[in-house]
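Engineer: I need the structure of the sequence given here:
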Amino acid sequence: MRDILFVVHPYTYKQDSDGFVGISKTDKSSIRDRDIGLLVNQFLDREHKVVALFERSEFFESAVFTFDDNYKFIFDDRLIREAIPPTGYPRPDNRPEGINDEQWEQVKAFYASKEKFGDLLSNYRDVYFIGGILERCVANFANYCRNHRTSSNELFYIPELCVSTDENMRLEVENKLKKMNILPLNYGDTLERLVR
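Structural biologist: Modelled structure (predicted):
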């Protein structure tokens with residue numbers, strides 16, 4: 001049985017502290033970006049699934065990575081691409097209150113529904129999460145997966161490959177994730193699990 005990796009809102013890897021998305025790098029982000037590229041390619045080369053969950057248009061998010069070789073996987077045909085709202089939760093199956101029919105049709109055309117993730121969660125051994133923002137989108141999507149999985153797959157997030165913007169909130173969220181049995185796993189241990 002194969003594993004699956006969700007890369008939640010990948011544009012956050014290129015977002016600065018003011019929310020601007022660009023191509024600036026620090027030494028820390030350069031190491032992280034290298035490790036992300038290596039990990040995703042290990043998943044793909046070993047025929048595990050990788051799903052990139054875009055928030056904005058795929059074109060926008062892909063353009064951000066055009067000049068960074070660590071993110072060539074964004075353009076790999078083996079990558080599954082879906083869009084989810086900024087909250088990190090898939091869109092609901094039914095129209096929420098306060099959204100008219102025209103708006104709802106646009107939302108449905110752009111964002112993946114909950115039902116789309118059902119098959120992904122039931123057909124894989126372990127589920128891994130990276131991306132950003134850990135305190136919001138990654139935690140919310142991991143919690144969604146925990147609540148909607150149909151098998152007893154294990155859920156892991158890789159802290160050093162997640163974007164975090166608030167240290168105090170991160171610690172609080174990590175404690176909540178632990179209580180939900182969504183466990184941290186470091187980069188090296190993740191690579192080891194892929195070869196078992």
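
Engineer: Just give me the neighbour total for Asn94.
Structural biologist: Asn94 has 8 neighbouring residues, counting by other Cβ atoms under 10 Å. Quick note: C-beta positions are derived from backbone N, CA and C, even for glycine.

Engineer: Let me see the contact set for Ile130.
Structural biologist: 5-8, 36, 39, 138, 157-158, 161-162 (Cβ atoms under 8 Å, 6 or more residues apart in numbering).

Engineer: From those residues, which land in helices?
Structural biologist: Within the contacts of Ile130, residues falling in helices by DSSP state H are 36, 39.

Engineer: Distance to Glu172 and neighbour count for the contacts of Ile130 - can I get that in a markdown table?
Structural biologist: Formatted as a markdown table, the contacts of Ile130 follow (distance: Cβ to Cβ, whole Å; neighbours: other Cβ atoms under 10 Å):
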| residue | distance to Glu172 | neighbour count |
| --- | --- | --- |
| Leu5 | 25 | 26 |
| Phe6 | 22 | 24 |
| Val7 | 23 | 28 |
| Val8 | 19 | 28 |
| Ile36 | 25 | 24 |
| Leu39 | 26 | 22 |
| Val138 | 14 | 31 |
| Tyr157 | 15 | 26 |
| Ile158 | 19 | 22 |
| Leu161 | 20 | 25 |
| Cys162 | 15 | 24 |
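
Engineer: From the contacts of Ile130, which land in strands?
Structural biologist: 5-8, 157-158, 161-162 (DSSP state E).

Engineer: follow-up on the earlier one: nearest to Leu79, of the contacts of Ile130?
Structural biologist: Using Cβ to Cβ, the shortest approach to Leu79 within the contacts of Ile130 belongs to Val7, at 8.5 Å.
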